[in-house]
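Student: sequence? don't have it. structure:
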């Protein structure tokens, strides 16, 4: 399969859907004492207990999956290769390892350092880049 | 390359995706949402951030339950896998013994978990249980209600009794699929019984052993019903595994936030260990085929 597919169109569609999702979420944010409550309940009384940070987290996970689909559309085959771990991995494997590793980086940060996860997030991004580059 | 790429075939998996969404993804999302909030009921939630995760990670109770769970999984895997292989190797390959053995092996698997727990709870009782009463009658001080060691022995033997059959059936399926030509070649070469096992039977059982280890690990790591019925997590907390502790927190104490955070950590550990098992064992198999 060659790379003549127009991957730009699905990419724009995915990013637009993501932006639309964020806009819809922010429109749902509750107002408390005249100010936006970023951590308040998005649907008060709802059993799934949605809050903006959790919804944004899942929306970003879906964005990553959709971007992987666009990548696969542009370059089919999953790009299998044998990396530094010594066995064959595809792009999907590398995303899985990145996400799972990032979850443990965040947990380790919480357990060893404490709250304030921005550094853990930065470390996770570096880790994910490393995984996609070398694993 | 003549292979046709048609990504529209992915739409064929939509029904499965919908099913998985309702049975796994939506409940998992809800647990994540609960893990960052606090509630006092009536579906009213208050933001808690990462507080519950910090509490769980700093909790001695959580790490103790985790240690017990890992020890339990390691012990039952160390017993059930070799025992399952041994029984499968000694089962008949033809004649009337085959259906008899297969039915006998399948019987424990057909019994519901809570019934297995009840059977062993009664079986081990010192006053009316056959096992407990006999052990004490021959002078062994056995009482799973008071003694943590006896409670552990009871829970482990119960699990071995319940689940070794699964390993046996899987190994047996792997063994009967080995063509006779392999055994004939081994006989011509004068291979010993051990060499036949090491170089023919064990490699051919590789895949089914992978499934057996994965299934038994995941099932033992999330074991709940049997130990809960037999020991209730006791004496003290000595047989309180992660799932029992989780239910105590979530339903007993109605602390949904800490229970949800604990569930997420528990889930991530199972996911990581399963991935490691699967990757190691599939690559061992792939290397051998190369």
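Tutor: Sure, I can see it. Please read all numbers here as calculations on a predicted model, not as lab measurements.
Student: ok, and the closest non-adjacent residue to residue B:156?
Tutor: residue B:75 (5.7 Å; C-beta to C-beta, 6 or more residues apart in numbering or on different chains). Quick note: C-beta positions are derived from backbone N, CA and C, even for glycine.
Student: hey, where'd the strands end up in chain A?
Tutor: Along chain A, the stretches classed as strands by DSSP state E are A:31-32, A:35-36, A:81-82, A:88-89.
Student: spell out which parts of the stretch 151-290 of chain B neighbour chain A.
Tutor: B:265, B:268, B:271-272, B:275, B:279, B:283, B:286 (C-beta under 8 Å from any C-beta of the partner chain).
Student: nearest to residue A:125, of these?
Tutor: Checking these against residue A:125 by C-beta to C-beta gives residue B:268 as the nearest, at 18.8 Å.
Student: what about the closest one, how many neighbours?
Tutor: Counted with other C-beta atoms under 10 Å in any protein chain shown, the neighbours of residue B:268 add up to 15.
Student: isn't it right next to residue A:103, touching?
Tutor: Yes - look at residue B:268 against residue A:103 with C-beta atoms under 8 Å: they come within range, at 5.3 Å.
Student: what's the distance between residue B:87 and residue A:21?
Tutor: 55 Å (C-beta to C-beta, to the nearest Å).
Student: where do the helices of chain A begin and end?
Tutor: With DSSP state H as the criterion, chain A has helices at A:8-28, A:52-74, A:91-112, A:118-134.
Student: do the same with the stretch 1-150 of chain B
Tutor: Per DSSP state H, counting those that start in this stretch, the stretch 1-150 of chain B carries helices over the ranges B:14-20, B:26-35, B:51-57, B:60-90, B:97-110, B:113-123, B:130-137, B:148-176.
Student: can I get those helices in a markdown table with mean pLDDT, distance to residue B:258 and mean neighbour count?
Tutor: Converted to a markdown table, the helices of the stretch 1-150 of chain B look like this (pLDDT from 0 to 100; distance: least, C-beta to C-beta, whole Å; neighbours: other C-beta atoms under 10 Å in any protein chain shown):
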| stretch | mean pLDDT | distance to residue B:258 | mean neighbour count |
| --- | --- | --- | --- |
| helix B:14-20 | 93 | 27 | 10 |
| helix B:26-35 | 95 | 8 | 19 |
| helix B:51-57 | 94 | 5 | 20 |
| helix B:60-90 | 95 | 9 | 17 |
| helix B:97-110 | 93 | 35 | 13 |
| helix B:113-123 | 93 | 26 | 18 |
| helix B:130-137 | 93 | 36 | 15 |
| helix B:148-176 | 95 | 25 | 20 |
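Student: take those and lay them out in JSON lines including distance to residue A:44.
Tutor: Below are the helices of the stretch 1-150 of chain B laid out as JSON lines (distance: least, C-beta to C-beta, whole Å):
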{"stretch": "helix B:14-20", "distance to residue A:44": "28"}
{"stretch": "helix B:26-35", "distance to residue A:44": "13"}
{"stretch": "helix B:51-57", "distance to residue A:44": "21"}
{"stretch": "helix B:60-90", "distance to residue A:44": "31"}
{"stretch": "helix B:97-110", "distance to residue A:44": "47"}
{"stretch": "helix B:113-123", "distance to residue A:44": "38"}
{"stretch": "helix B:130-137", "distance to residue A:44": "54"}
{"stretch": "helix B:148-176", "distance to residue A:44": "44"}
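Student: and residue A:51, which of the ones you listed is closest to it?
Tutor: helix B:26-35 (6.6 Å).
Student: can you list the domains in chain A?
Tutor: Following automatic domain parsing, chain A resolves into domains at A:1-76, A:80-135.
Student: the first one: how far from the chain's middle?
Tutor: Centre-to-centre, domain A:1-76 and its host chain are 9 Å apart (C-alpha atoms, centre = their mean, to the nearest Å).
Student: that one and chain B in contact?
Tutor: Yes - with C-beta under 8 Å from any C-beta as the criterion, chain B is reached by domain A:1-76 at A:1, A:39-41, A:44-51, A:53-54, A:57-58, A:72-73, A:76.
Student: buried ones among those residues?
Tutor: Listed as buried from those are A:39-41, A:48-51, A:54, A:58, A:72; burial here means 16 or more other C-beta atoms under 10 Å in any protein chain shown.
Student: out of those residues, which one sits closest to residue A:12?
Tutor: When those are compared for distance to residue A:12 (C-beta to C-beta), residue A:72 wins out at 16.7 Å.
Student: so the closest one makes contact with residue A:78?
Tutor: Yes - between residue A:72 and residue A:78 there is a contact under C-beta under 8 Å: 6.7 Å.
Student: now stretch A:80-88: how far from the chain's centre is it?
Tutor: 23 Å.
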